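> Build me a structure from this.
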Amino acid sequence: MAKERTQSGKLGEWSRLNASVQANSADLPYLETLQSKLAALQAQGVDLTKEQGALRASKQEKSQALQAVIAEGSRLATLLRSAVKQHYGPGSEKLAEFGVQPFRGRKVKPAAGPAPEAPHTPPAGTAQ
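Residues are numbered from 1 along each chain as shown. The predicted structure follows:
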């Protein structure tokens, strides 16, 4: 028989073991205290598993609620930043106080000189 590794598998194994020991209690009276302790631990484990499942469901609900709050807050923060930018103007340094990058103009690229011309070669078949 394979050894159980999961929590629910161990709880099931304990339940089966308890049932077997209880069915043979006439032959094994000295194991009654151990069997009752294991039964209590098995019942506690089942209760904790149920509670864990309920908390997992609650966590998922809270995660979905948090996701909705974050989405709505992001939309409102964007709207608020736009309103501040509209009020102070896109180039105002006051925008930095609100976490908005002020428009400081475009960087001027260095003026490129005239492109160097390729050396002129006469077409083939003509003499110079």
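
> So which residues of this protein form helices?
7-23, 32-88 (DSSP state H).

> Let's have these in CSV, adding distance to Phe98.
Backbone N, C-alpha and C define where each C-beta goes, glycine included. Putting those into CSV (distance: least, C-beta to C-beta, whole Å) gives the following:
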stretch, distance to Phe98
helix 7-23, 51
helix 32-88, 5
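
> With distance to Thr121, mean pLDDT and mean neighbour count added, can I get those helices in TSV?
What follows is the helices of the chain, written out as TSV (distance: least, C-beta to C-beta, whole Å; pLDDT from 0 to 100; neighbours: other C-beta atoms under 10 Å):
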stretch	distance to Thr121	mean pLDDT	mean neighbour count
helix 7-23	84	93	14
helix 32-88	58	95	12
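
> out of these, nearest to Lys109?
helix 32-88 (26.5 Å; C-beta to C-beta).

> Could you check the angle the closest one makes with helix 7-23?
Relative orientation of helix 32-88 versus helix 7-23 (axes from the mean of the first three to the mean of the last three C-alpha atoms, to 10 degrees): 160 degrees.

> Counting by contacts, list what helix 32-88 packs against.
Under the contact definition 3 or more C-beta pairs under 8 Å, 6 or more residues apart in numbering; DSSP states H and E, helix 32-88 sits against helix 7-23.

> Mind giving me the packing neighbours of the helix it packs on?
By 3+ C-beta pairs under 8 Å, 6+ apart, helix 7-23 packs against helix 32-88.

> Distance from the chain centre to the helix it packs on, please.
Put simply, helix 32-88 sits 13 Å off its chain's centre (C-alpha atoms, centre = their mean, to the nearest Å).

> residues contacting Ala96?
Pro102 (C-beta atoms under 8 Å, 6 or more residues apart in numbering).

> Show the pLDDT at it.
Reported pLDDT at Ala96 in the predicted model: 90.

> that older thread, to Arg104, which of the helices of the chain lies closest?
helix 32-88 (13.7 Å).

> Which one of the helices of the chain lies nearest to Leu95?
Across these, closest to Leu95 is helix 32-88 (C-beta to C-beta), at 5.8 Å.
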